[in-house]
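Using only what follows, build the 3D model:
(chains A and B)
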Amino acid sequence: MSEVKITLPDGSARNYPAGVTGMAIAQSISEGLARNALSIEVNGEIWDLSRQIGKDAAIRIFTWNDKGGKYAFWHSSAHLFAEALEALYPGVKFGIGPPIENGFYYDVDLGDKTFGDDDLAKVESKMTELARKNSVFIRRDISKADALEFFKKKGDPYKLELLQDLADGSITFYEQGNFTDLCRGPHIPNTGFIKAIKLLNVAGAYWRGDEKNKMLTRVYGITFPKQKELDEYLHMLEEAKKRDHRKLGKELELFAFSEKVGMGLPLWLPKGTVLRERLEQFMRKAQIKAGYDPVVTPHIGSKALYVTSGHYEKYGKDSFQPIHTPDATEEFLLKPMNCPHHCEIYKVRPRSYKDLPIRLAEFGTVYRYEQSGELHGLTRVRGFTQDDAHIFCRPDQVKEEFIKVIDLVLHVFKSLGFDNYTAQVSLRDPADKKKYIGDDELWDLAEKEIQEAADERGLKTVAVIGEAAFYGPKLDFMVKDALGRSWQLGTIQVDYQLPKRFELEYVGADNQKHQPVMIHRAPFGSLERFIAVLIEHCAGNFPIWLSPEQVAVLPISERFNDYASKVIQELKNQDIRGYLDDRDEKIGRKIRDAEVKKVPYMLVVGEKEVADNQVSVRRHGMGDQGSVLLQAFVDQFLADNSMPESA
RNA sequence: GCCGAGGUAGCUCAGGGGUAGAGCAGCUGAUUCGUAAUCAGCAGGUCAGGGGUUCAAAUCCCCUUCUCGGCUCCA
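Reported below is the predicted structural model:
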């Protein structure tokens, strides 16, 4: 009998009879591993444990603690969901049901039936019932003809459509209990592993993600091998919700929305405005240092401006409609971006190659008619302010400018403690060059230089082919929110289109006219989105230099209000932001309220402090820090909490 | 825009055909207090808006609007 050589992750190798299964290998290693094993990686592919290994292989056995194990677990859970659904609603048609980062979903067509929250509970308990049967997942190779026959008979148009794209000989079915599905696998050994089940929500999703197709019902769920883990997961979700910027924005009185003002149009409250203006100051300072010139442009522009830029043609119908005036020939648009205005600033006089780069920066408020369903707190709004700037430079300056912008973005992230971001280089699709504007060589050069600039600054980047804007390649920075949703913050984009459309020029050393390259960049992206992500990132406990209220002065009783007023006045004289809580409440109450409001410093003042010109310092979440002279507190505070500066 | 779930006091939420509720916040008074909620009283509502069914609608039905979870989109 022939043998196969199985290499384990630690490099050791063992021989097994040919056709050995992953489960048998696991058993030979240890009883415990066999009990917890869910799937196996064989030469880089993830397999079922029951599948026979016919030749030498490097393997890795996955348990719940591995991504590959969870993947199989949730994939199998999706099948279990489908089995339960079919048992409860015969005739249901299935789309696809993959595992995702947290759990799984299944797209289904329930015909005319609406699927609501009460249905979730029903399906959930059916799933539990079926899981207890310990049904084994059986893998079967099947010919394309037989597969088509099977789904024709069953009447499942979506599976038939999927089958069309699959090659004969590569098709497998998986079967558990009374349910058979077209599936590549892998799956866990049996349904009994699935102990805790939660169907999370129902959503609509277009078949194959195409708006023109029928909308299917997408059910999201998650499962665990232990009830305790499900409980922990649900608890974690609850905790994440507490960081939600929409909730904290309301509680900390940072911003609000009004139906009357209109959806997606944030109102900045006094405290939110302090935060926002501090961020602006921070960026202004860094930009001045980096050689930017601040400019200001109006909130509207004539339609002609956007016809020139090309935005009218591309977005005109799907955006805010033109503003009319008593003069019927006039039309203005709310500005959806600042670039065209900045192009006109570039054009106010002829430019020499010696003038470049020219860096025009503006906190420009723009308006975009986002789809109503897409609006989301501050992360997706219809009116927002970009920390925008446009760099007009020579082609040979692109790389250097990119490096400078990357430095600026990294300065922002570092100053605000974002260490978990990803950088994405978006390149054009070389197979479809017609989609893009600009010379081939310029693209090649810019794409190369963006990547080089990122590498030189030690950025770990993911290059995505085909994600470039039609007008140029870009580098985007993404950060996740409290619930794990990814948002794009900073962006740096090369643009070949606008310089051309606006006929931007400079006179080169050769006395000839040349076209400058334009770089759009916004390290925050937008103040709104940045603040949203910042709120979630720090759970409302802002860096003190940003905090709307830095200090609360809390007199023990009314008798010390006079001294407390003197304290708060002295703080204000030193540009320290704070408030005096002179309510007729006990000190415990005042402290609690300040803690809830996440005020970083609380200064308790009573008899002792008045006598010695002291304050009793308490820090948010850290309790009593003892008493110091007021002046000592001020000095220390100012020394510790200055606005971070760029290098 | 599409699918689903929602909108009750400033906030968090209960009530689900028969007189509109609680806690917190607010106001008034008492209290003058040492590190996370002092006590008492008072006030607060077109139950998102409009239409319908009914003797009777916060409650059932329809439309509109906004919010939430997704999908699509994102200059």
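
Now name the helix or strand holding A:I535.
Using DSSP states H and E, A:I535 falls within helix A:527-538.

now for that helix, which elements pack on it?
helix A:245-251, helix A:270-289, strand A:383-393, strand A:486-495 (3 or more Cβ pairs under 8 Å, 6 or more residues apart in numbering; DSSP states H and E). For every residue, glycine as well, the C-beta is placed using N, CA and C.

how about the longest one: buried residues?
Read that as helix A:270-289. A:K271, A:G272, A:V274, A:L275, A:R276, A:R278, A:L279, A:F282, A:M283, A:A286, A:Q287 (16 or more other Cβ atoms under 10 Å).

separation between the residue nearest to the last one when sequence neighbours are not counted and A:N338?
Okay, so that is A:Q287. With sequence-adjacent residues excluded and distances taken as Cβ to Cβ, 6 or more residues apart in numbering, A:Q287 is closest to A:A361, at 5.1 Å. Using Cβ to Cβ, to the nearest Å, A:A361 is found at 10 Å from A:N338.

shared neighbours of those two, anything?
By Cβ atoms under 8 Å, 6 or more residues apart in numbering, A:A361 and A:N338 have these common neighbours: A:D388.

mind checking how far the helix or strand encompassing A:Y306 is from the chain centre?
Taking DSSP H and E as the definition, A:Y306 sits inside helix A:303-309. How far helix A:303-309 lies from its chain's middle: 32 Å, per Cα atoms, centre = their mean, to the nearest Å.

got the contact list for stretch A:326-338?
A:297-303, A:305-306, A:311-312, A:315, A:319-320, A:322-325, A:341, A:362, A:364, A:366-368, A:386, A:388, A:390.

just so I know, which of the helices and strands packed on helix A:527-538 lies nearest A:R51?
Closest to A:R51 of these is strand A:486-495 (Cβ to Cβ; 34.4 Å).

And A:R284, how close does it get to A:L408?
For A:R284, the distance to A:L408 - Cβ to Cβ - is 12 Å.

sorry, back to before: just want the angle from the helix holding A:I535 to strand A:486-495.
140 degrees (axes from the mean of the first three to the mean of the last three Cα atoms, to 10 degrees).

Quick one: work out the angle between helix A:527-538 and strand A:383-393.
100 degrees.

Now tell me what touches helix A:527-538 from outside.
A:243-245, A:248-249, A:254, A:266, A:272, A:275-276, A:279-280, A:363, A:377-381, A:384-387, A:416-418, A:479, A:481-482, A:487, A:489, A:524, A:542.

same for the helix or strand following that helix, what does it pack against?
Note on helix A:527-538: by DSSP H and E, the next helix or strand toward the C-terminus is strand A:551-555. Here strand A:551-555 touches helix A:561-573, strand A:578-580, helix A:587-596, strand A:601-605, going by 3+ Cβ pairs under 8 Å, 6+ apart.

could you pull out the helices for the stretch 151-300 of chain A?
Assigned by DSSP state H, counting those that start in this stretch, the helices in the stretch 151-300 of chain A fall at A:157-164, A:227-242, A:245-251, A:270-289.

would you list those helices in a markdown table and tack on mean pLDDT?
Below are those laid out as a markdown table (pLDDT from 0 to 100):
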| stretch | mean pLDDT |
| --- | --- |
| helix A:157-164 | 92 |
| helix A:227-242 | 88 |
| helix A:245-251 | 94 |
| helix A:270-289 | 96 |
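
A:N213 is nearest to which of these?
helix A:157-164 (9.9 Å).

Ends of stretch A:460-470, what's the gap?
End-to-end span of stretch A:460-470 (Cα to Cα, to the nearest Å): 24 Å.

Could you do stretch A:25-45 as well?
16 Å.

Also stretch A:419-433?
36 Å.

Residues contacting that stretch, please?
A:413, A:435-436, A:440, A:443, A:447, A:450-451, A:454, A:459-469, A:473-480, A:489.

Intersect these with the contacts of RNA strand B.
Near RNA strand B, taking Cβ under 7 Å from any atom of the strand as the test, the members of those found are A:A469.

Mind giving me the ChimeraX select for the contacts of stretch A:419-433, buried ones only?
In ChimeraX, this line selects whichever of those come out buried by 16+ other Cβ under 10 Å:
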select /A:413,436,443,447,450,451,454,459,461,463,467,468,469,473,474,475,476,477,478,479,480,489
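
Filter the contacts of stretch A:419-433 down to just the ones in strands.
Counting by DSSP state E, the contacts of stretch A:419-433 place A:461-465, A:474-480, A:489 in strands.

Just send these back as JSON lines, with distance to A:V596 and pLDDT too.
As requested, those are exported to JSON lines (distance: Cβ to Cβ, whole Å; pLDDT from 0 to 100):
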{"residue": "A:T461", "distance to A:V596": "41", "pLDDT": "91"}
{"residue": "A:V462", "distance to A:V596": "40", "pLDDT": "90"}
{"residue": "A:A463", "distance to A:V596": "46", "pLDDT": "90"}
{"residue": "A:V464", "distance to A:V596": "43", "pLDDT": "88"}
{"residue": "A:I465", "distance to A:V596": "49", "pLDDT": "87"}
{"residue": "A:K474", "distance to A:V596": "42", "pLDDT": "93"}
{"residue": "A:L475", "distance to A:V596": "40", "pLDDT": "94"}
{"residue": "A:D476", "distance to A:V596": "36", "pLDDT": "94"}
{"residue": "A:F477", "distance to A:V596": "33", "pLDDT": "93"}
{"residue": "A:M478", "distance to A:V596": "32", "pLDDT": "90"}
{"residue": "A:V479", "distance to A:V596": "27", "pLDDT": "85"}
{"residue": "A:K480", "distance to A:V596": "26", "pLDDT": "79"}
{"residue": "A:L489", "distance to A:V596": "29", "pLDDT": "91"}
